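Trainee: let's see this in three dimensions:
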Amino acid sequence: MRTRFTLVSVLVLSLTVSVPAQQQSRSVTLRLADDGMKRWPQGHISDGNASPVWGFEPGIVLSGVSAVWQATGDQHYLTYIKQTVDQWVQPDGSIRTYDSGTYSLNNILIGRELLLLYRQTREEKYRIAAETLHKQLAMQPRTASGGMWHTKATPNLMLLDDEYMLAPFWAEYASIFHQTADLDNLIKQFLLLDEHTRNPRTGLMYHGWDESRQARWADKVTGTSANAWARGMGWYLMSLVDTLQYLDAKDARRARLLGILRQTSAAVERAQDKDSSLWYQLLDKPTLAGNNIESSSVLMVTYAFQKGSRLGYLPARYHGLAEKAWRSIQERFVKTDSSGEVILTGTVTHIAMGAAPENDGSDAYYLKAPIVSNDPKGIGAFLLAGSEMELWQFKSSKAGAR
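Mentor: Below is the predicted model of the structure:
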């Protein structure tokens, strides 16, 4: 397949301006990145001796490492991405441990690293593997109105989380390989969630939606789950800022996504806790007993607010909101152990909305989930937020001093 790169793709590549890593020796983001790569060699974050499995947890870690690489240009980080991906992607382009039959949207996220490695190396195996994921999207089970199911095992379920898993990859794939017809289908996913999960009173969005309204947890009138969960909103905001960069400024579809980003950001801004400058897990229930502030959620929001502000998608005040949140995050969640390793605390473990009867989206479901340190979702979100708050800002200040 002959490949021509669009202007958007060139602009994305141009982000990898080198900032010597030694100049960032005190950066908590780089310390956390380096510690994470030592903890998870080749992205091996599975328990015990289990083989590493292609999925969204290594995917979010790699997204964070990719952000660090793009902000610094340090090849050390690109090497880690390649070594991790190469344990799965075989010379013929097949993907070890990937099961297309599950139709899990969580399997799409690492596709972004396939496209990154294809751009950098032009090795066909990465293009072939990316095409495999693109074929899954073409065949993904859908609701009656065209919304993609979370997995084959969860009929009619759409989650806010899924947009981060699929949309940035899909948009970049469409940009690189000129599959512009994909964009209508991609944007439909955002529009369906915007239409059906948004609370008209608060502007916040419910975590899940069952179009059939048959799930036990689904509201019988709206089909939504019961809560506006902060990490779900974080995934959704990140997906918007990461997808917009692949849409031409004159594309009317881009304006629609910008409107959704601004409306959603404003709702999350209103839900901010004034004392901490952060957000509670259940965004609209700050006084609920047991409700807490969770690290991955607030990191995702911080990333989206700062990147959105930097790229002009959001008003400049969101930079100030991100700065306040970033300071509070470090005070509350970042620790250093006796060996000097940076520890990220306060991350909720796996939430599997709708996958089993107990995963009902109730208050208790979210608030009783275990909270751990150095969870991959938290580390990945920290590297994304830190790249925006520390590494890009450092580069901008150096450029302004020339």
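Trainee: and Leu109, how many neighbours?
Mentor: For Leu109, the neighbour count with other C-beta atoms under 10 Å is 25. Yep, even glycine has a C-beta here, placed from its N, CA and C like the rest.
Trainee: name the SS class of the spatially closest residue to it that is not a sequence neighbour, please.
Mentor: Counting by C-beta to C-beta, 6 or more residues apart in numbering, Gly59 is the residue found nearest to Leu109 once chain neighbours are left out, at 3.3 Å. With DSSP: H, G, I helix; E, B strand; the rest coil as the basis, Gly59 sits in helix.
Trainee: which residues touch Gly59?
Mentor: Taking C-beta atoms under 8 Å, 6 or more residues apart in numbering, we find Gly59 in contact with 106, 109-110, 112-113, 165, 380.
Trainee: next one: the nearest residue to Phe56 once chain neighbours are set aside from Arg216, what distance?
Mentor: Nearest residue to Phe56 in three dimensions, chain neighbours excluded: Asn106, at 3.9 Å (C-beta to C-beta, 6+ apart). Applying C-beta to C-beta, to the nearest Å, the value for Asn106 to Arg216 is 22 Å.
Trainee: can you check Pro58 too?
Mentor: 31 Å.
Trainee: ok, now Gly55?
Mentor: Gly55 sits 26 Å away from Arg216, going by C-beta to C-beta.
Trainee: if we can go back for a sec, in this structure the residue nearest to Phe56 contacts Trp54, no?
Mentor: No - assessed by C-beta atoms under 8 Å, Asn106 is found out of contact with Trp54, at 9.3 Å.
Trainee: the more surrounded of the two?
Mentor: Trp54 (22 against 19).
Trainee: who are the contact partners of Thr84?
Mentor: Applying C-beta under 8 Å, 6+ apart, the residues contacting Thr84 are 42-43, 58, 62, 113.
Trainee: give me that answer again for 7 Å
Mentor: Applying C-beta atoms under 7 Å, 6 or more residues apart in numbering to Thr84 gives the contacts 42-43, 58, 62.
Trainee: and after whichever strand or helix holds His134, which helix or strand comes next?
Mentor: Using DSSP states H and E, His134 falls within helix 124-139. Following helix 124-139 in sequence order, the next helix or strand is strand 157-159 (DSSP H and E).
Trainee: paired strands for that next one, with orientation please.
Mentor: Within its sheet, strand 157-159 is paired with strand 208-210 (antiparallel), according to DSSP bridges.
Trainee: what about Ala325, neighbour count?
Mentor: 24.
Trainee: using CSV, write out every CA atom in the top helix by length along the chain.
Mentor: What stands out as the longest helix in the chain, according to DSSP state H, is helix 252-270. Presented in CSV, the C-alpha positions along helix 252-270 are these (Å, rounded to 0.1, in the frame of the first residue of the first chain):
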residue,chain,number,x,y,z
ALA,A,252,-17.4,21.0,9.9
ARG,A,253,-17.1,17.8,12.0
ARG,A,254,-14.2,19.3,13.9
ALA,A,255,-16.4,22.2,15.0
ARG,A,256,-18.9,19.7,16.4
LEU,A,257,-16.3,18.0,18.5
LEU,A,258,-14.9,21.3,19.7
GLY,A,259,-18.4,22.2,20.9
ILE,A,260,-18.7,18.9,22.8
LEU,A,261,-15.2,19.4,24.3
ARG,A,262,-16.0,22.9,25.5
GLN,A,263,-19.4,22.0,26.9
THR,A,264,-18.0,18.9,28.7
SER,A,265,-15.0,20.9,30.0
ALA,A,266,-17.2,23.6,31.4
ALA,A,267,-19.4,21.0,33.2
VAL,A,268,-16.3,19.4,34.8
GLU,A,269,-14.9,22.9,35.7
ARG,A,270,-18.1,23.6,37.6
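Trainee: list the buried residues in that helix.
Mentor: 253-254, 257-258, 260-262, 264-265, 267-269 (16 or more other C-beta atoms under 10 Å).
Trainee: lowest-confidence entry in the residues you listed?
Mentor: Lowest pLDDT of these: Arg253, 90.
Trainee: find the nearest non-adjacent residue to that one, please.
Mentor: Ile187 (5.1 Å).
Trainee: noted, bye for now.
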